[in-house]
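Student: Here is my input, please return the structure:
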Amino acid sequence: MVDMSTAVIAMAEADGPTSVLEKVIAPLRERDDVQLARVWFMDDQDCSSCAQARRAVSPGSLHLRASGGAGDTDAEIEGESHLIELGSSSELSLIAASGEPRFGGPENLARWGLRPDHPAATAIRGVAGYPLLFRRRVVGVLVCYLRVEARDDGLPWMPVFAAHAAVAIGNCRSLQEISRLREQLELERDYLREEAALTVPVDGIVGQSAALARLLRQVDLVAPTEANVLIQGESGTGKELIARAIHTRSPRSKHPLIKVNCASLPRELFESELFGHVRGAFTGAVRDRVGRFELANRGTLFLDEVGEVPPDLQTKLLRVLQEGEFERVGEELTRRVNVRVIAATNRDLRADVDAGHFRLDVFYRLSVFPITVPALRDRREDIPLLVASFLRTSSQHLHRGIPKVPQRELEKLMTYDWPGNIRELQHVVERAMILAPPGGRIRFDVTSAATAPMVSKEPERPYRTEKEWRRLERENLLAALKAAGGKVSGESGAAALLGINPNTLASRLRALGLKRTFTP
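Tutor: So this is what the prediction gives:
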């Protein structure tokens, strides 16, 4: 008779479910009092028999995985006793449900998962079934069909053997699940790397926030079209990068992207810069000059700070936008171009239209597809990625190693409001790199950070536009939520502070796209 301690050690050394099953069945097969031994697995997701038979398996099923003994064949594993549903009248189902061993005689072998006409049935005098418990959970059922009568006190070795078998099976299945999850994670990693290669390096655009994702989806939508785009956003948000991304993803990417900073052009040179001039057209015009529209033919023209275009030149701008025609300064020849225009501004052009500073028809021609670039304070989760990118760039310029950023320094950046947006963040990082001692920790100083560039203020008006009113309402609700610690209703809630009904406040929050909770 086999030494049971040796059998237990062999089970512990098994390297997989199939191997451990062989180690469980082998010692039982060699015992004089055992005619046949079988093991069912609980919730076996890797059951090849059920997969090949395309069985619809409900959770909490027992699958016959190993069988060995007199007259037994491999075909028995695939037979009618292969699948035992929990909740049935089977003795195996009762063992799995209760977690307690059960004993029986030869009078009803079908309830014990054995056909009555099985070759071993005539020699069976008793049946003993034991739950295989691993970490207080049933992972299977072990059944021994005996040549002797089954009694609880007649098999003192079986509870210990079943306990060791359960641990060996549970460990092997856990390792198998870990291996499966590792393979799944590797596949997901490879997929995400491919996705990142396609979507992350978009002309230097860095970030993974929801606000940036929405912006890039808009870029993907409009880029393949010929529509003019108006990019709006505060100074320093990266409007030029978005313009480059649209051009790069457009059919015009093989042709040039020409940039014009309208805020930097002297008023008297606007027309010449945009449309060109001929020799002698004005004092200093010593030779013909090609304008930016002509340079951008078949490509894209980026008009940065388009709100600075003088009103008297907007008529000529409208003509080239609408008809694709213009004349150089000092020339009567009409020239034609095929140009897509992407404009950008940090001003409210619609308010400029209402104030009479910008033509409405030009505004409509430019804003066929308006895009708003979110401020950095609206995408704070991108700050760590931006800091890492700026540190890499600065380290290359300064020929220094990339320093580690302490968490408290990163939190300092995350809580700052960044009126100068990404441009300001870049300057703060570069200044910190310059001041950081070699090998020392970097420190960011946001108190001395430059404020956002000044822009011309709108003239005072006795009214507010709808956009301005909604912005003020949004800021007011956010301030109330912050003061209330994110609480909407109750004595100290935001609704009480504002003097309105909590349902009214909740309705306004939904209308403005704000969450009901707020983290101060």
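
Student: alpha carbons only for contacts and neighbour counts from here, please
Tutor: OK.

Student: gap between the two ends of stretch 330-338?
Tutor: 22 Å (C-alpha to C-alpha, to the nearest Å).

Student: Check which residues of that stretch are buried.
Tutor: Buried residues in stretch 330-338, counted by 16 or more other C-alpha atoms under 10 Å: Val337, Asn338.

Student: Please apply the same query to stretch 255-268.
Tutor: Pro256, Leu257, Ile258, Lys259, Val260, Cys262.

Student: Show me which of these is closest to Gln176.
Tutor: Nearest to Gln176 among the buried residues of stretch 255-268: Leu257, at 54.8 Å, using C-alpha to C-alpha.

Student: The closest one is in contact with Leu303, isn't it?
Tutor: No. Here Leu257 does not reach Leu303: they are 10.6 Å apart, not a contact under C-alpha atoms under 8 Å.

Student: the helices in the stretch 101-250 of the chain, which residues?
Tutor: When assigned using DSSP state H, counting those that start in this stretch, the helices of the stretch 101-250 of the chain occupy the ranges 158-199, 210-222, 239-248.

Student: Export those as CSV, with columns for distance to Leu360, mean neighbour count and mean pLDDT.
Tutor: Conversion of the helices of the stretch 101-250 of the chain to CSV gives the following (distance: least, C-alpha to C-alpha, whole Å; neighbours: other C-alpha atoms under 10 Å; pLDDT from 0 to 100):
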stretch, distance to Leu360, mean neighbour count, mean pLDDT
helix 158-199, 36, 15, 69
helix 210-222, 22, 16, 94
helix 239-248, 22, 22, 93
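
Student: Between the ones you listed, which one is closest to Ser489.
Tutor: Using C-alpha to C-alpha, the helices of the stretch 101-250 of the chain put helix 210-222 closest to Ser489, at 28.2 Å.

Student: elements contacting that closest one?
Tutor: helix 239-248, strand 369-372 (3 or more C-alpha pairs under 8 Å, 6 or more residues apart in numbering; DSSP states H and E).

Student: Let me see the domain layout of the protein.
Tutor: When the chain is parsed into structural domains using automatic domain parsing, the resulting residue ranges are 4-178, 210-228+238-368, 376-435, 466-511.

Student: centre of the chain versus the first one, how much separation?
Tutor: Distance of domain 4-178 from the chain centroid (C-alpha atoms, centre = their mean, to the nearest Å) equals 44 Å.

Student: any idea how far the residue nearest to the spatial centre of the chain is from Ile77?
Tutor: Closest residue to the average C-alpha location of the chain: Gln208 at 7.7 Å, with C-alpha atoms, centre = their mean. Using C-alpha to C-alpha, we find Gln208 at a distance of 51 Å from Ile77.

Student: cool, Leu215 as well?
Tutor: Leu215 is 57 Å from Ile77, by C-alpha to C-alpha.

Student: How about Gly330?
Tutor: Taking C-alpha to C-alpha, one finds Gly330 at 95 Å from Ile77.

Student: how long is stretch 372-390 from one end to the other?
Tutor: Terminal residues of stretch 372-390 lie 24 Å apart, using C-alpha to C-alpha.

Student: What are the buried residues along that stretch?
Tutor: Buried positions in stretch 372-390, judged by neighbour count with 16+ other C-alpha under 10 Å: 372-377, 379-384, 386-388, 390.

Student: Just flag the most distant two among these.
Tutor: Thr372 and Ala388 (24.8 Å).

Student: confidence score at Pro453?
Tutor: Here the pLDDT value assigned to Pro453 is 43.

Student: make that Ala12, sorry
Tutor: Looking at Ala12, its pLDDT stands at 68.

Student: pLDDT (mean, whole number) over stretch 340-353?
Tutor: In this model, stretch 340-353 carries a mean pLDDT of 92.

Student: Which helix or strand lies directly C-terminal to the helix or strand bottoming out on mean pLDDT in the chain?
Tutor: Ranking every helix and strand in the chain by mean pLDDT, DSSP states H and E puts helix 48-53 at the bottom, with a mean of 66. Downstream of helix 48-53, the next assigned helix or strand under DSSP states H and E is strand 61-69.

Student: ok so, going back, let me know the closest of the buried residues of stretch 255-268 to Glu240.
Tutor: Of the buried residues of stretch 255-268, the one sitting nearest to Glu240 (C-alpha to C-alpha) turns out to be Lys259, at 9.0 Å.

Student: Is the closest one part of a helix or strand, or is it coil?
Tutor: Recorded secondary structure, Lys259: strand (DSSP: H, G, I helix; E, B strand; the rest coil).

Student: and it, what is it in contact with?
Tutor: Arg292, Leu301, Phe302, Leu303, Asp304 (C-alpha atoms under 8 Å, 6 or more residues apart in numbering).

Student: Quick check on these: which are buried?
Tutor: By neighbour count, with 16+ other C-alpha under 10 Å, the contacts of Lys259 hold Arg292, Leu301, Phe302, Leu303, Asp304 as buried.

Student: Show me the strands paired with the helix or strand encompassing the second one, marking each as parallel or antiparallel.
Tutor: Which is Leu301. Leu301 belongs to strand 300-304 when elements are defined using DSSP H and E. Using DSSP bridges, the strands paired with strand 300-304 are strand 257-261 (parallel), strand 340-345 (parallel).

Student: Give me every residue in contact with it, excluding its own residues.
Tutor: The contact list for strand 300-304 (C-alpha under 8 Å, 6+ apart) reads 240, 243, 247, 252, 255-263, 292-293, 339-345.

Student: got the angle between the following helix or strand past it and strand 340-345?
Tutor: Where DSSP H and E defines the elements, the next helix or strand beyond strand 300-304 is helix 311-323. If you take axes from the mean of the first three to the mean of the last three C-alpha atoms, to 10 degrees, helix 311-323 sits at 150 degrees to strand 340-345.

Student: which helices and strands sit right next to helix 311-323?
Tutor: Using 3+ C-alpha pairs under 8 Å, 6+ apart, helix 311-323 sits against strand 325-327, helix 360-366.

Student: Other residues contacting that helix?
Tutor: With C-alpha under 8 Å, 6+ apart as the test, helix 311-323 has contacts from Phe270, Glu271, Glu325, Phe326, Val341, His357, Phe358, Arg359, Asp361, Val362, Arg365.

Student: For the stretch 351-500 of the chain, which residues score under the pLDDT cut-off?
Tutor: By pLDDT under 70, the weakly predicted segments of the stretch 351-500 of the chain are 448-463.

Student: for Leu366, what are its contacts?
Tutor: Shown in contact with Leu366 (C-alpha under 8 Å, 6+ apart): Asn228, Val229, Leu230, Val341, Ile342, Ala343.

Student: Please tell me how far it sits from Arg347.
Tutor: Computed with C-alpha to C-alpha, the distance linking Leu366 and Arg347 is 14 Å.

Student: repeat for Val362
Tutor: Distance from Val362 to Arg347, counting by C-alpha to C-alpha: 15 Å.

Student: if we can go back for a sec, can you lay out the contacts of Leu366 as TSV showing distance to Pro59?
Tutor: What follows is these, written out as TSV (distance: C-alpha to C-alpha, whole Å):
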residue	distance to Pro59
Asn228	56
Val229	54
Leu230	56
Val341	60
Ile342	58
Ala343	59
